[in-house]
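Participant: Okay, here's the prediction I keep looking at, along with the sequence it came from:
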Amino acid sequence: MGRRIAKIALPHDIHCYGFFQSCTDNLQCGLPSNCNQRNQGGCSGALQDSHYQGKKRGPYNGTFDSATSGFNAQDCIGPDSENSQRQCKHLCNVCYHHFNSSSDGRTIFLKTIPWRSYMKMTYNELKDQLLMLIDESSAVESVSECPCDELREKILKNRFNLVVVGQFKRGKTTFINALLGTNLLPTAVVPLTSIVTVIEYGQKVHVKVVFNDGHTGEVPSDELPEYVTEKGNPRNVKDLAEVIIRYPSEYLKDGVRLIDTPGVGSVYQHNTDIAYEYLPRSDATVFLISVDQPLSKAEVDFLRDVKEYSERIFFLQNKADYISADELRESLEFTKSTLREEVGYDSPELYPVSAKLALEGKERGDNELLEKSNLPVFESRLQRFLLDEKGMTLIRSVSNNLLRVLSESVLRSELQLKSLQTPLEEIERKLRAFEEKRQEIEAEKRDFEILLEGETKRIVDSILDPDLQRVKEELQERLMSEFEECYNQNTSLAPGKLRKTLEEFISQALREYYAVFRKNEDTKISMAFEQVAERFIKKINSIVDELMHYSSELFSVKFESFNAEALWSIHASFYYRFKDEPLMIEVLGDALTSLMPRFLSNRIIYRNMKKYLLEMIERQAGRIRWNFVERLQKSRLEFRWQMLGRIDEAIKGIREAVQKGIESRKKGAEEAKRQEREVGDELNRLYRLRDSALMIKEQAGGG
């Protein structure tokens with residue numbers, strides 16, 4: 001049974017977020033026990049205990065008349081009885097939708113999800129329901145501090161990054177094309193340059209190129225080879241950082257992003273460095289191996305280095321159609337043995353596939369060929385991993401954030417209600433006690449600032465500075481060798497031409513190597529700061545919880561806290577720009593060197609350009625350091641402002657909730673009673689929202 005719209009009549013406009021039964025003519029609702037609609041319009045709360053109290057999970061064992069319920073016989077279980085009643089396996093439905101009454105105040109349109117779907121809802125269904133719940137929460141006046149826009153953005157902008165890694169000629173590009181079902185990416189006959197290609201969903205094909213200096217451009221899709229192949233862009237002379245392709249593929253529609261990295265172990269070391277950069281942020285990594293070649297030393301070394309991410313690495317043994325079934329089994333066993341013994345992967349997930357057959361099968365619509373490729377088996381596993389596992393983690397995270405907000409809103413409303421029912425002298429005495437607690441919290445805020453500044457400095461001292469020193473030493477060793485080679489190959493050039501050639505070599509080499517370092521360090525520093533932020537967010541949440549629990553005990557109301565992950569993250573990248581500026585090293589002019597014997601002028605040019613190379617290595621490192629430190633300081637200040645604001649908002653919310661009650665009391669008994677009714681209605685709404693968020697979290701495996 002699919003989703004359906006039921007038209008029913010109720011005497012009031014309500015918001016139902018619990019169970020209801022629609023198998024009989026009489027609507028039976030499972031709203032919480034404090035629901036003021038519970039005994040109206042046929043709302044019996046029949047299923048309330050089985051869900052809200054955590055009891056009796058399973059089909060409702062009641063009966064219904066299939067002739068009047070709108071259900072067919074196949075929707076039911078159990079034998080026919082004389083009056084055609086059966087047990088209904090679809091009896092329970094779940095409504096998350098805002099009941100919107102029509103102008104007469106009675107007709108309500110109700111969106112339902114079958115009970116069978118409730119028992120195991122998909123990531124996309126839960127995502128849709130959570131988005132509706134966030135929208136509903138944002139419309140509630142008392143949920144004043146809800147970061148609903150951030151929660152909505154976290155869901156809508158969630159991406160599952162699938163990084164594809166493999167040595168040159170392993171069939172990496174064909175595999176990506178097979179996933180998409182079309183020849184989108186160009187294949188190469190020589191190793192590609194250090195360009196990362198990101199493929200994400202779009203309603204039409206769109207190609208954007210991103211340059212290392214930050215500017216972007218759009219190019220026609222048929223010109224893609226001019227940017228991502230060695231032939232079209234040798235040694236990345238166009239200074240690209242990445243290419244982003246939007247493509248209308250169903251495979252990408254749920255937020256999956258394919259990230260095609262340069263080949264591991266190619267002739268270009270920085271290609272392998274790029275692959276290292278993307279693994280820490282990947283949700284899953286596909287490592288392609290080929291049946292016709294054993295694992296190379298470069299591949300083994302790479303896999304050893306990234307072993308900490310092994311739980312999310314899937315191995316694909318490509319070109320499975322090249323050999324017989326017996327040979328394939330032998331090849332798979334050999335590869336597994338190598339991964340265990342040489343790399344140290346205890347239980348590698350290895351799938352034999354033929355990307356070539358899969359692509360052909362999808363393009364021709366040949367299901368037999370597609371099945372023969374074995375790609376659907378891996379796609380099914382990947383779907384479960386990304387959506388069912390990673391996706392549910394997102395749902396739990398956002399649900400917890402929403403639950404935290406709703407729980408704090410419930411406390412504020414409970415405090416307001418309490419202040420309407422408690423003698424004024426007692427309320428004012430408790431407010432004075434709350435002010436004393438607030439002063440303690442202010443001292444904790446000052447400690448927070450000092451510790452945060454120290455942790456930020458520690459990132460610079462323990463990560464950034466040592467990494468910069470290491471890369472400077474590596475560049476001096478690596479580039480001096482390459483500089484010697486470039487000089488020796490061009491000694492026959494005229495002095496001016498030789499100097500120009502060496503200048504171009506230095507500029508290009510530094511640009512390439514520092515661009516890769518900057519990207520890797522960007523990831524490293526960002527993750528380090530996010531780890532610091534996560535620790536401090538837990539501290540801030542504990543301070544807010546301490547304040548909330550103190551207030552709940554002080555005013556004798558209940559408060560339930562929820563652990564929520566951080567919404568804040570370090571979004572902006574650390575941009576490094578290689579400035580095109582005049583040479584700062586004095587070199588002999590063309591006129592003078594042209595009058596000298598070539599061996600003498602070349603020797604002077606060699607000495608000056610070598611000195612220039614060493615100075616430029618140092619200078620560019622200094623620029624990068626300044627850039628990182630500046631961004632870290634900005635991030636620290638932004639984070640400090642947001643986190644301390646959380647405490648201030650919590651204090652303000654508690655104080656204002658109590659003051660509202662006091663002000664209503666001072667206006668007279670009638671105003672106090674009116675306010676009490678309004679707050680009571682608001683609390684009912686908040687409880688229903690909170691119960692719905694709990695149900696979604698539970699569906700996502702939150703327990």
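Facilitator: Cool, got the structure.
Participant: which residues sit against the strand or helix carrying residue 227?
Facilitator: Using DSSP states H and E, residue 227 maps to helix 225-228. Residues from elsewhere that reach helix 225-228 (C-beta atoms under 8 Å, 6 or more residues apart in numbering): 185-186, 192-193, 195, 197, 209, 219, 231-233, 238, 240, 243. For the C-beta atoms, the positions are set from N, CA and C on the backbone; glycine is no exception.
Participant: Just put the residues you listed in JSON lines and tack on secondary structure.
Facilitator: Formatted as JSON lines, the contacts of helix 225-228 follow (DSSP: H, G, I helix; E, B strand; the rest coil):
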{"residue": "185", "secondary structure": "coil"}
{"residue": "186", "secondary structure": "coil"}
{"residue": "192", "secondary structure": "coil"}
{"residue": "193", "secondary structure": "coil"}
{"residue": "195", "secondary structure": "coil"}
{"residue": "197", "secondary structure": "strand"}
{"residue": "209", "secondary structure": "strand"}
{"residue": "219", "secondary structure": "strand"}
{"residue": "231", "secondary structure": "coil"}
{"residue": "232", "secondary structure": "coil"}
{"residue": "233", "secondary structure": "coil"}
{"residue": "238", "secondary structure": "coil"}
{"residue": "240", "secondary structure": "strand"}
{"residue": "243", "secondary structure": "strand"}
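Participant: Select from these the one having the most neighbours.
Facilitator: In terms of neighbour count, residue 192 stands highest of the contacts of helix 225-228 at 28 neighbours, by other C-beta atoms under 10 Å.
Participant: What pLDDT is listed against that residue?
Facilitator: Residue 192 is assigned 55 on the pLDDT scale.
Participant: what does residue 37 give?
Facilitator: Residue 37 is given a pLDDT of 37.
Participant: now swap in residue 513 and tell me
Facilitator: 84.
Participant: Closest to residue 612 out of the contacts of helix 225-228?
Facilitator: residue 238 (24.4 Å; C-beta to C-beta).
Participant: the helices in the stretch 351-500 of the chain, which residues?
Facilitator: For the stretch 351-500 of the chain, the helices defined by DSSP state H, counting those that start in this stretch cover 355-364, 367-373, 375-383, 392-421, 424-459, 465-489, 495-554.
Participant: Quick one: closest of those helices to residue 335.
Facilitator: Here helix 375-383 is closest among the helices of the stretch 351-500 of the chain (C-beta to C-beta), at 15.0 Å.
Participant: Flag every buried residue along that closest one.
Facilitator: 375, 378, 379, 382 (16 or more other C-beta atoms under 10 Å).
Participant: Relative to residue 289, which of those residues is nearest.
Facilitator: Nearest to residue 289 among these, with distances taken as C-beta to C-beta, is residue 378, at 13.1 Å.
Participant: Quick check: that closest one vs residue 428, distance?
Facilitator: Residue 378 is 67 Å from residue 428, where distance means C-beta to C-beta, to the nearest Å.
Participant: just residue 418 next, same as before
Facilitator: For residue 418 relative to residue 428 (C-beta to C-beta), the value is 13 Å.
Participant: These two: which has the busier surroundings?
Facilitator: residue 418 (21 against 12).
Participant: got a list of what that one touches?
Facilitator: Taking C-beta under 8 Å, 6+ apart, one finds 427, 555, 556, 557, 661 in contact with residue 418.
Participant: centroid residue for this structure?
Facilitator: residue 158 (4.7 Å; C-alpha atoms, centre = their mean).
Participant: name the element that one belongs to?
Facilitator: Using DSSP H and E, no helix or strand contains residue 158.
Participant: What residues does it make contact with?
Facilitator: Shown in contact with residue 158 (C-beta under 8 Å, 6+ apart): 255, 391, 394.
Participant: ok, now how distant is it from residue 457?
Facilitator: 33 Å.
Participant: What mean pLDDT does stretch 669-685 get?
Facilitator: 90.
Participant: for stretch 339-353, same thing?
Facilitator: Per-residue scores along stretch 339-353 average to 90.
Participant: which outside residues touch it?
Facilitator: Counting by C-beta under 8 Å, 6+ apart, 175, 291, 295, 300, 303-304, 307, 310, 313-318, 320, 328, 332, 335-336, 373-375, 377-378, 381 sit against stretch 339-353.
Participant: can we see that at 7 Å?
Facilitator: 300, 303-304, 307, 310, 314-318, 320, 328, 332, 335-336, 373-375, 377-378 (C-beta atoms under 7 Å, 6 or more residues apart in numbering).
Participant: Using JSON lines, please lay out the contacts of residue 158 together with pLDDT, distance to residue 360 and neighbour count.
Facilitator: Output for the contacts of residue 158, formatted as JSON lines (pLDDT from 0 to 100; distance: C-beta to C-beta, whole Å; neighbours: other C-beta atoms under 10 Å):
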{"residue": "255", "pLDDT": "85", "distance to residue 360": "28", "neighbour count": "23"}
{"residue": "391", "pLDDT": "87", "distance to residue 360": "31", "neighbour count": "24"}
{"residue": "394", "pLDDT": "87", "distance to residue 360": "35", "neighbour count": "21"}
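Participant: Go through these and name the one nearest residue 496.
Facilitator: residue 255 (54.8 Å).
Participant: Can you list the low-confidence ranges for the stretch 301-450 of the chain?
Facilitator: Scanning the stretch 301-450 of the chain with the threshold set as pLDDT under 70 gives 310.
Participant: what helices or strands is the helix or strand where residue 681 lies leaning on?
Facilitator: Applying DSSP H and E as the criterion places residue 681 in helix 669-699. Packing partners of helix 669-699 (3 or more C-beta pairs under 7 Å, 6 or more residues apart in numbering; DSSP states H and E): helix 123-138, helix 392-421, helix 598-666.
Participant: looking at the ones you listed, which is buried most?
Facilitator: Stretch with highest mean neighbour count among the helices and strands packed on helix 669-699: helix 392-421 (a mean of 23; mean count of other C-beta atoms under 10 Å).
Participant: Can you pull the phi/psi pair for the closest residue to residue 256 other than its chain neighbours?
Facilitator: The shortest distance from residue 256 to any non-neighbouring residue, by C-beta to C-beta, 6 or more residues apart in numbering, is to residue 160 (4.8 Å). Phi and psi for residue 160, reported as degrees, to the nearest 10, are phi -100, psi 100.
Participant: I am finished for the moment; much appreciated.
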